[in-house]
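*Asks:* The following block contains a protein sequence and its predicted model.
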Amino acid sequence: MNNKKLDGIKKISKTKLERSKEIVLNVIDEKIEEKKEIKKPKPRPPKKKEAVINIKDLYKKNIKENKKINIKLDIALLKRSIILVTISALIVINFYLIFIFSVLKFDLDNGLTRYINKYFPVPAVISEEGIINYYNFKDSEKDIRKIFKQENKYKLFLL
């Protein structure tokens with residue numbers, strides 16, 4: 001009987017060991033599955049078509065508003081450029097008039113005024129044949145005076 005009891009105890013202990021092994025293996029498997037689930041990314045919610053349509057509508061509205069803003073900016077830029085060109089033209093005209101009056105009034109004759117005269121001519125005589133430049137007139141006047149001084153016969157009255 002002792003052998004039967006020992007065999008029974010061995011059977012019971014084997015079954016308990018097997019059961020505990022199964023339980024431990026099941027627990028380990030569950031933990032492994034939990035880790036796998038944690039690593040898996042959560043599925044994204046599906047996109048709504050309405051949201052996409054609303055974004056497209058907003059984009060179209062923004063494009064229309066931007067066109068309006070761009071037109072306003074273009075008009076403002078055009079106004080600024082017209083003002084800038086007008087002011088620049090007035091400055092150049094004023095410079096030219098001051099230059100003409102200073103040359104004619106003060107009889108300026110130096111390298112700087114002759115250089116400026118190349119780009120902004122100072123009219124001395126306006127005739128049917130055309131405009132005679134002030135410095136050309138001065139140079140010819142000097143030549144004429146030299147000729148008449150040599151002859152001493154005639155007096156020349158020039159403006």
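*Replies:* Yep, that arrived.
*Asks:* buried ones in the host helix or strand of T113?
*Replies:* Secondary structure assignment for T113, by DSSP states H and E: helix 111-119. Neighbour counts over helix 111-119 (16 or more other Cβ atoms under 10 Å) mark T113, I116, N117 as buried. Where you see a C-beta, it was placed from the backbone N, CA and C, and this is true even at glycine.
*Asks:* same check, this time on stretch 128-138
*Replies:* N133, Y134, Y135, F137.
*Asks:* got those as JSON lines, with distance to A89 and pLDDT columns?
*Replies:* Formatted as JSON lines, the buried residues of stretch 128-138 follow (distance: Cβ to Cβ, whole Å; pLDDT from 0 to 100):
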{"residue": "N133", "distance to A89": "23", "pLDDT": "87"}
{"residue": "Y134", "distance to A89": "23", "pLDDT": "87"}
{"residue": "Y135", "distance to A89": "25", "pLDDT": "87"}
{"residue": "F137", "distance to A89": "28", "pLDDT": "84"}
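*Asks:* ok so, going back, closest one of the buried residues of helix 111-119 to I98?
*Replies:* I116 (11.1 Å; Cβ to Cβ).
*Asks:* The closest one against F99, yeah?
*Replies:* Yes: between I116 and F99 there is a contact under Cβ atoms under 8 Å: 6.3 Å.
*Asks:* From the contact counts, what lies against the longest helix along the chain?
*Replies:* Identified as the longest helix of the chain according to DSSP state H is helix 49-106. Contacts defined by 3 or more Cβ pairs under 8 Å, 6 or more residues apart in numbering; DSSP states H and E place helix 49-106 against helix 111-119.
*Asks:* Recalculate using a threshold of 10 Å.
*Replies:* Contacts defined by 3 or more Cβ pairs under 10 Å, 6 or more residues apart in numbering; DSSP states H and E place helix 49-106 against helix 111-119, strand 123-127, helix 134-151.
*Asks:* Now the weakest link among the ones you listed, please, by mean pLDDT.
*Replies:* Lowest mean pLDDT within those: helix 134-151, at a mean of 77.
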